[in-house]
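J.: Give the three-dimensional model of this entry:
(chains A, B and C)
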Amino acid sequence: MPSLNDYLLLSGILFSIGTAGVFVRRNLITILLSVEIMLNAVNLSFVAFGRSLGTADGQIIVFFVMTVAAAEAAVGLAIVIALFRHRESLNPDTFTTLKW
Amino acid sequence: MTPLLIAQIVLTLFVFVALLSSAAGMVYFERKIAAFLQQRVGPTLVGPRGLLQPLADVIKLMFKEELRPRAADWFLFSLAPIISATAAFAAFAVVPFGADTTLFGLLGTPLRLQVADVNVAVLVIFAIASMSVYGIVLAGWSSNSKYSLLGGLRSSAQMISYELSYGLALASVLLLGNSLSLNEIVRAQSGAWFGFIPRWFVFLQPVGFLVYMTAGIAETNRAPFDFPEAEQELVAGYHTEYSSMSFAMFFLAEYINMVTVSAVATNLYLGGWSGPFSDSIGWVWFLLKVGAILFFYVWMRWTLPRYRYDQLMAFGWKVLLPVSVLNLIVTAAGVLAFGV
Amino acid sequence: MTLFYFFGAVAVIASLLVIAQRNPIYSVLLLIASFGALSGLYVLLDAPFVAVIQIIIYAGAIMVLFLFVVMLLNAPQEETDFDARVHPLLRPAAMRLGAVLAIVLVVELMWSLTRITASGSFPSGAVISVATIGRRLFTDYAFAFEVTSVLILVAMVGAVVMAKQDTARGGK
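T.: Model prediction:
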């Protein structure tokens, strides 16, 4: 049977993968996807902790995290669309100047 | 390998084969009923009274050439019909279609007539309906043709818009049934008021039933909500570039989705397998009710004109969604007041 | 236990491929696979409700949104001012720092996890039913629930406004 440590280790690995994605990739959509990976890793550790404590709190917090992630993804993608319309590029390095 | 396990494996295979044959049967019935609605006779040449027509259709589809546009993304192009067909079959796995049976005393413990007995069955059906959107959107994208892309995007936007009303109609039934398991909901509908009106939820939730059926028709991309497949507007929408067995898989997925929506509607609103006489022939009543809803589906298709896409979306968001929200509120108030 | 390893392996490999893929459509599809594996892990953790809403919300709604945006923008592959085959640690300065930070994070996480004393297996308990979760949501967490609904409304309005094309005022 997997123990709490196993789940936390898996959550840590997924979180690091997400962080690496945010730092290394140069495509706005892939960066947003890596943020989603990080949020999922956190969800996994919440549910694992909730299970080990025997309460429903872990699952309830996951419920809220998912909702907030959905809202954030929607707004983030709207911003990406608006940015793409101006510069025809999804590379964050093209948006480094403040002036249009 | 206990006898129960063997019986469950046989049941799984039986459900699979039954779904395939129901799709074939639907092909025949659709053409026959369409013909009678249009005052003609329909297929009569193949087999007695045209009963082998589906067989002829399948053989024709199998022998067609499997085309693949050169500019298409071959992995996604092949994956899309697989996703559609798999989601269609998987959704039926949690639908019970009869009471627990002991197969005339052969089994020690009764066999539940359900491939997978999960206690969040209603949510699982909703989840798999969300996944079936991907088959369509990937088909539209990977074909690399403008008709397919537009058809795919429109179709998937329609499906995710009507999922909301679908879910809210489901939520209203959950208030009455007090459980997420389809078995429990069917069991809550047993018995009768005044001795002869059965305790089906359709009598407590008429608006909810109509909302569910409308959303179900939109979810399965059937007329009058089948604009993405309208031949006059979009050639054939997301499955323009598909031929032979891939097209057959989309076709199959559409019919099996219809069967699943009808089966879930039967379980949620029409009492599932409850009926007069004993429970062990409950599956007969189930089949009759599902057949009635499928007839209603075909009837709708060949009677009503097609909605235009903006009318379709406006209807989904501005009419159906508020109605389903109101239905949920009224149901909640009713449960609170009368303690059903 | 084998199920845990299977789902864990699928989740990790799919996530690695997400950040390694060039084509954004494949990234989105691999992420959906990763979410499916995570859903399986939630089922192993006796949380069927979270497992199903993970599929409904993440794999079924958020990823469809991503897919729509990728398809509508016809997102080009990353054109970068360096050769993509070069290892991240040898690329220009910002990415070098980013890659180093990512490696530092991984090392630190692994080190801290090896220092935990034995936590043992989970206590045996009943599966937390959806009814319990619902009751807690509407009593203890009612305020958060209402605020979340306002948040979703704000996000919806904001997304529509920001993504709309400003044709009335000539695009400016």
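J.: State the number of residues packed around residue B:64.
T.: Residue neighbour count, defined by other C-beta atoms under 10 Å in any protein chain shown, stands at 12 for residue B:64. Every C-beta, even on glycine, is put in place using the N, C-alpha and C of the backbone.
J.: just residue B:197 next, same as before
T.: 9.
J.: From residue A:43, how far off is the residue nearest to it when sequence neighbours are not counted?
T.: Take residue B:197 and drop its neighbours on the chain: the residue closest to it by C-beta to C-beta, 6 or more residues apart in numbering or on different chains is residue B:203, 6.8 Å away. According to C-beta to C-beta, to the nearest Å, residue B:203 and residue A:43 sit 41 Å apart.
J.: you'd agree the residue nearest to residue B:197 is up against residue B:189?
T.: No. Assessed by C-beta atoms under 8 Å, residue B:203 is found out of contact with residue B:189, at 9.9 Å.
J.: more crowded one of those two?
T.: Between residue B:203 and residue B:189, counted using other C-beta under 10 Å, the more crowded position is residue B:189 (24 against 14).
J.: so what does the worst-scoring helix or strand of chain A on mean pLDDT touch, helix or strand wise?
T.: One helix or strand of chain A scores below all others by mean pLDDT, DSSP states H and E: helix A:4-24, with a mean of 88. Here helix A:4-24 touches helix A:28-53, helix C:2-20, helix C:93-114, going by 3 or more C-beta pairs under 8 Å, 6 or more residues apart in numbering or on different chains; DSSP states H and E.
J.: Can you check which of the ones you listed gets nearest to residue B:113?
T.: Proximity to residue B:113 (C-beta to C-beta) singles out helix C:2-20 among the helices and strands packed on helix A:4-24, at 26.7 Å.
J.: hang on, the earlier thing: now tabulate the helices and strands packed on helix A:4-24 in CSV and tack on distance to residue B:325 and mean neighbour count.
T.: Listed next are these as CSV, based on distance: least, C-beta to C-beta, whole Å; neighbours: other C-beta atoms under 10 Å in any protein chain shown:
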stretch, distance to residue B:325, mean neighbour count
helix A:28-53, 28, 22
helix C:2-20, 36, 18
helix C:93-114, 44, 14
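J.: Make a markdown table from the ones you listed and add mean pLDDT to it.
T.: Converted to a markdown table, the helices and strands packed on helix A:4-24 look like this (pLDDT from 0 to 100):
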| stretch | mean pLDDT |
| --- | --- |
| helix A:28-53 | 93 |
| helix C:2-20 | 92 |
| helix C:93-114 | 78 |
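J.: mind giving me CSV with the ones you listed and columns for distance to residue B:183?
T.: Below are the helices and strands packed on helix A:4-24 laid out as CSV (distance: least, C-beta to C-beta, whole Å):
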stretch, distance to residue B:183
helix A:28-53, 26
helix C:2-20, 25
helix C:93-114, 42
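J.: Would you mind listing what in the stretch 151-300 of chain B touches chain C?
T.: Counting by C-beta under 8 Å from any C-beta of the partner chain, the stretch 151-300 of chain B comes close to chain C at B:153, B:156, B:157, B:160, B:180.
J.: circling back: now the helices and strands packed on helix A:4-24 as TSV including distance to chain B?
T.: Formatted as TSV, these follow (distance: least, C-beta to the nearest C-beta, whole Å):
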stretch	distance to chain B
helix A:28-53	15
helix C:2-20	13
helix C:93-114	29
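J.: What mean pLDDT does whichever helix or strand residue B:15 is part of get?
T.: Using DSSP states H and E, residue B:15 sits in helix B:3-37. Averaging pLDDT along helix B:3-37 gives 88.
J.: Then stretch C:161-172?
T.: Stretch C:161-172 comes out at a mean pLDDT of 65.
J.: what's the domain layout of chain C?
T.: In terms of domains, chain C is parsed into C:1-76, C:86-118, C:128-172 (source: automatic domain parsing).
J.: CA atoms only for stretch B:301-320, dumped as PDB, please.
T.: C-alpha atoms of stretch B:301-320 as PDB (Å, rounded to 0.1, in the frame of the first residue of the first chain):
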ATOM      1  CA  ARG B 301     -35.200  14.400 -36.400                       C
ATOM      2  CA  TRP B 302     -37.500  13.800 -39.200                       C
ATOM      3  CA  THR B 303     -40.200  16.300 -38.100                       C
ATOM      4  CA  LEU B 304     -38.500  19.400 -37.000                       C
ATOM      5  CA  PRO B 305     -36.400  21.800 -39.100                       C
ATOM      6  CA  ARG B 306     -32.800  22.400 -38.100                       C
ATOM      7  CA  TYR B 307     -31.800  25.200 -35.900                       C
ATOM      8  CA  ARG B 308     -29.300  27.700 -37.300                       C
ATOM      9  CA  TYR B 309     -26.100  27.900 -35.200                       C
ATOM     10  CA  ASP B 310     -26.700  31.200 -33.600                       C
ATOM     11  CA  GLN B 311     -30.300  30.300 -32.800                       C
ATOM     12  CA  LEU B 312     -29.000  27.100 -31.300                       C
ATOM     13  CA  MET B 313     -26.500  28.800 -29.100                       C
ATOM     14  CA  ALA B 314     -28.900  31.500 -28.100                       C
ATOM     15  CA  PHE B 315     -31.400  28.900 -27.100                       C
ATOM     16  CA  GLY B 316     -28.900  27.000 -25.100                       C
ATOM     17  CA  TRP B 317     -27.600  29.900 -23.100                       C
ATOM     18  CA  LYS B 318     -30.600  32.300 -22.900                       C
ATOM     19  CA  VAL B 319     -33.500  29.900 -22.600                       C
ATOM     20  CA  LEU B 320     -32.500  26.400 -21.500                       C
END
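J.: In it, which residues are buried?
T.: Neighbour-count burial for stretch B:301-320, with 16 or more other C-beta atoms under 10 Å in any protein chain shown as criterion, is recorded at B:301, B:306, B:307, B:309, B:312, B:313, B:315, B:316, B:320.
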